[in-house]
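Q: Sequence first, predicted coordinates after that:
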Amino acid sequence: MNDVTIQRRNTSLRVVLLVSVLFVSLVFLRSPNYVQFSDAGTAPFAGDFLQEWVGGYAVRTIGAAGLYDESKIRSLQHDEQLVGFRWDQSHYFAMVYPPFHYVLLSPLSYLPYKAAAWLFTLAMVGCYFATGTLLVRDTLASAESSGTRDALQVKLRFAPWCIAAGLFFVPLISNITTAQKGTLCLLLFTGTYLLLKSNRSFSAGAAFGLLLFKPQLVLIIGLVMLMKKQWRFLAGVATAASLYASIMLALGPDVCWQYLHFLTGVTEYVHTSGYDLYKSHCLYGFITLLAGGKATIAVKCITVLAAVFVFGFLWQIIYGKFNPSGDRFSLQFSGLVIASLLLSPHLFTYDLTILLLPMWLLTVDALRSGVNQTARQAMLWPIIGLFVVAGFSHVVAAAGGLQLTTLFMLALLFTIRRTSCIAMTTPSIAMPVVYS
């Protein structure tokens, strides 16, 4: 790669980041959770960050034993002297994360609530830009190393602008305006992918293990890695898990049991007051919504049956030797991410931010030349459809009881399966890392 190419790429990235920052600033200026916030509003400043800050404050002051005591946490969340504003007394944010999560966030509780909220939110925005930068640079570097630089400059010169385009993904906007952690999850999934791709399995596992603050997102990939006997990856996960476990054990067994008790009732969480089922995008939420909002035994049985079919599709995608440096790995990892989201017991709109990773990988893959180019480019339609319907699917779900994003994720997973199977039967010589 010559100096001129590097300079142009870096300049393009800087311009994109500047434009993106301006766009994000405009989003915050229009957000009722931030600049336009009212002290007498129905929702707290910075949305869901309230339970993060109060959780950290509770660990630091009343002790971790009070984390899952609803009366104590509800009192803290509505303490106007503590948080600095009033909001709807009938609402409450439950403590749904593991105890170590609140311990790690407790330093933020030394700051005034609003200052901590802005710091946390900007960190989550930074996670998005870090993800975009990593993916763009990896894609361009892979293209350069293929030896077809001149042809690639035509197709990939706009790649950095995909960072700005991603900001129009409504779940991402929802994530950053409600102070959620979808961008952090996106960054950790991306780091896992890039580390696996570079054959650093242990580091990839350690990065992936950091996702254990949302354990539902770890189960599928962890199970697949176990079935594929990826011991170095699993050792990395175990390292991160042991760090988290040591924090939890230091808090005492009572806190651990309280959280485990919460996990045992996780499938019933859809019946919790204030749970917006129309914002749920996982398979379980999709079927429960279709059934009228009641998670009956029949709904759970149908969900289990549907999950078996989804895992069957996934197994066909990852069938064969696990090879992160192979041509099918972007397809396989995309399938793993989408299946993880579908099979999660809870998946809200802001969690769909994670879809930006498979969308990127599959779009880049669709540009590859080869005898199966038509099959690869067929993936673009469900990607475009998913990107668009994610902006209004909650409205359709609330009105008609049908969650469109779940259907599009299933369609995309099916398309990945078809493309992966074709790629598996195609000689590797027909699938060079070349972009037309």
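A: That came in fine, so what should we check first?
Q: number of nearby residues for G166?
A: 21 (other CB atoms under 10 Å). C-beta here means a position set from N, CA and C on the backbone, and glycine is covered the same way.
Q: my bad, S12
A: 17.
Q: In contact with the residue nearest to it when sequence neighbours are not counted, which residues?
A: Sequence neighbours aside, P160 is the residue nearest to S12 in space, at 4.6 Å (criterion: CB to CB, 6 or more residues apart in numbering). By CB atoms under 8 Å, 6 or more residues apart in numbering, the contact set of P160 is R9, S12, L13, V15, V16, V136.
Q: Against Y244, how distant is P160?
A: Going from P160 to Y244 by CB to CB, to the nearest Å gives 35 Å.
Q: Which pLDDT value belongs to P107?
A: Listed pLDDT for P107 reads 96.
Q: sorry, that was for L217
A: 95.
Q: residues touching it, list them.
A: Contacts of L217 (CB under 8 Å, 6+ apart): C185, L211, S340, L341, S344, I354.
Q: in which helix or strand would I find the fourth one?
A: I take that to be L341. helix 329-342 (DSSP states H and E).
Q: quick check: mean pLDDT across that helix?
A: 96.
Q: cool, and stretch 66-75?
A: On average, stretch 66-75 scores 90.
Q: buried ones in that stretch?
A: Neighbour-count burial for stretch 66-75 flags G66, L67, Y68, K72, I73, R74 (criterion: 16 or more other CB atoms under 10 Å).
Q: so how far is P253 from the nearest residue to the first one once chain neighbours are set aside?
A: Meaning G66. Of all residues not flanking G66 in the chain, K72 sits nearest, at 4.6 Å (CB to CB, 6+ apart). Distance of K72 to P253, computed by CB to CB: 19 Å.
Q: so which of the buried residues of stretch 66-75 comes closest to F189?
A: The closest of the buried residues of stretch 66-75 to F189 turns out to be L67 (CB to CB; 27.1 Å).
Q: Tell me how far that closest one lies from F45.
A: Taking CB to CB, one finds L67 at 22 Å from F45.
Q: likewise L187?
A: 25 Å.
Q: same thing with L140?
A: L140 is 40 Å from F45, by CB to CB.
Q: ok, which stretches of the stretch 151-300 of the chain are helices?
A: 161-166, 170-177, 182-197, 201-209, 219-227, 231-251, 253-264, 283-290, 297-318 (DSSP state H, counting those that start in this stretch).
Q: re the thing from before, got the CA positions of the helix holding L341 in CSV?
A: In CSV, the C-alpha atoms belonging to helix 329-342 read as follows (Å, rounded to 0.1, in the frame of the first residue of the first chain):
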residue,chain,number,x,y,z
PHE,A,329,-15.8,-17.5,7.8
SER,A,330,-17.6,-14.1,7.2
LEU,A,331,-20.8,-16.1,6.3
GLN,A,332,-20.4,-18.4,9.3
PHE,A,333,-19.8,-15.7,11.9
SER,A,334,-22.7,-13.6,10.5
GLY,A,335,-24.9,-16.7,10.9
LEU,A,336,-23.6,-17.1,14.5
VAL,A,337,-24.5,-13.5,15.4
ILE,A,338,-27.9,-13.6,13.9
ALA,A,339,-28.8,-17.0,15.5
SER,A,340,-27.6,-15.6,18.8
LEU,A,341,-30.0,-12.7,18.5
LEU,A,342,-32.9,-14.9,17.4
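Q: which helices and strands does that helix pack with?
A: The elements that helix 329-342 packs onto, with contact taken as 3 or more CB pairs under 8 Å, 6 or more residues apart in numbering; DSSP states H and E, are helix 182-197, helix 219-227, helix 297-318, helix 356-366, helix 404-424.
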